[in-house]
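*Asks:* I would like to see how this sequence folds:
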Amino acid sequence: MGNYPKTLNAFDLNEWFNSEDENPIIIDVREDSELEIACFSREFLHLPISKVSAEYVKTKISDLKDKKFVVLCHAGIRSYNFGQWALENNLVNEIWNLEEGIDGWSQYIDQTIPRY
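*Replies:* Below you'll find the model as predicted:
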């Protein structure tokens, strides 16, 4: 299949949260200033893309490698790149990219999150 993150839209992620399946671990790669504007409404790991290195990420998720991850950013581009990088560096086994990022989530699922 190659080293590409799977894609997931806001509706599918919301369904996953509401299913019997174990919730994925959410990784938000946006910067601090973006979180101040619009914070994801569920528990997440904050790994700002500007600080990402293999060592930094390993210290944060090394014991979680076998879990399922969903990565998000503002619109889905930085998160996709992070997901691809995490797979290529063997830091995760499975990772999904939230299409449209926090912007899509706030449009379709949680309108209380400000758009920017």
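*Asks:* switch to C-alpha atoms for all contacts and neighbour counts from now on
*Replies:* Fine.
*Asks:* Report the central residue of this structure.
*Replies:* When Cα atoms, centre = their mean is applied to the chain, the residue found nearest the centroid is Val71 (1.4 Å).
*Asks:* After the helix or strand of the chain with the lowest mean pLDDT, which helix or strand is next?
*Replies:* Comparing helices and strands within the chain by mean pLDDT, DSSP states H and E singles out helix 54-61 as the least confident, with a mean of 92. As assigned by DSSP states H and E, the chain's next helix or strand after helix 54-61 is strand 68-72.
*Asks:* In terms of pLDDT, where does Glu15 sit?
*Replies:* For Glu15, the model assigns a pLDDT of 97.
*Asks:* what sits up against the host helix or strand of it?
*Replies:* Glu15 belongs to helix 10-17 when assigned by DSSP H and E. Contacts with helix 10-17, where a contact means Cα atoms under 8 Å, 6 or more residues apart in numbering, come from 23, 98-101, 104-105, 108-109.
*Asks:* The same query, at a cut-off of 7 Å, please.
*Replies:* 23, 98, 104-105, 108-109 (Cα atoms under 7 Å, 6 or more residues apart in numbering).
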